[in-house]
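Visitor: Kindly return the folded structure for what I paste below:
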Amino acid sequence: MTGSPPTAASIVIERTIEWFDTDASGHYHHATAFRLAEAAETALLRMLGLVDLLGRIPRVQLHASFTAPLYFGDTVSVRIEVSRLGRSSITYRYTIDAESGCAVSGEIVAVLLDRPAGRPIPWSARQRELLLGAAARQPDPPNTPAMESK
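Guide: Residues are numbered from 1 along each chain as shown. Okay, here's the model as predicted:
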């Protein structure tokens, strides 16, 4: 029996560009793109039941292409997806879209570390299955905090 190939994990969240995301002119700061991508990553890992990976997957490479400005009050959709899963690395592809179209696109590469040793370790079979076999999910409510208090 043949079925559709698995779809890598992805999610879309909505956020509003807040005043603290901008410079004094109301134009967003470039670091906001990475914060928004990480908020989407957090929502994705939470959705997959892999929130325990936070703090264990430091970034080793960040890339962003800025194609349109964003301003205070703009509502954006942030999409992140797993585009590659290596032995111990993960590559996310993300886009930040405003009403006018794509404002930012890029990639984030992170590596799974063993906490005590601080060395790269391979993904477990369960982690691989969840990261590579999940279908796209619906957005979460706007401006939901990225981290829950414990």
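Visitor: residue boundaries of the strands in this protein?
Guide: Ranges of strands within the chain are 10-16, 59-66, 75-85, 89-98, 101-111, 113-114, 119-120, based on DSSP state E.
Visitor: can you tell me the average pLDDT over the third one?
Guide: So the one you mean is strand 75-85. Throughout strand 75-85, pLDDT has a mean value of 97.
Visitor: for it, packing partners?
Guide: On a contact count with 3 or more CB pairs under 8 Å, 6 or more residues apart in numbering; DSSP states H and E, strand 75-85 meets strand 10-16, helix 31-48, strand 89-98, helix 125-133. The C-beta positions use only the backbone N, C-alpha and C, and glycine is treated the same way.
Visitor: How much space separates residue 18 from residue 73?
Guide: Distance, residue 18 to residue 73, by CB to CB, to the nearest Å: 9 Å.
Visitor: what do you get for residue 79?
Guide: The gap separating residue 79 from residue 73 is 21 Å, by CB to CB.
Visitor: Can you pick out the residue with more neighbours from the two?
Guide: For residue 79 versus residue 73, the count of surrounding residues by other CB atoms under 10 Å is larger for residue 79: 20 against 11.
Visitor: ok, residue 65 - contacts?
Guide: Contacts for residue 65 (CB atoms under 8 Å, 6 or more residues apart in numbering) come out as 104, 105, 106.
Visitor: could you redo the last one with a cut-off of 10 Å?
Guide: By CB atoms under 10 Å, 6 or more residues apart in numbering, the contact set of residue 65 is 33, 95, 102, 103, 104, 105, 106, 107.
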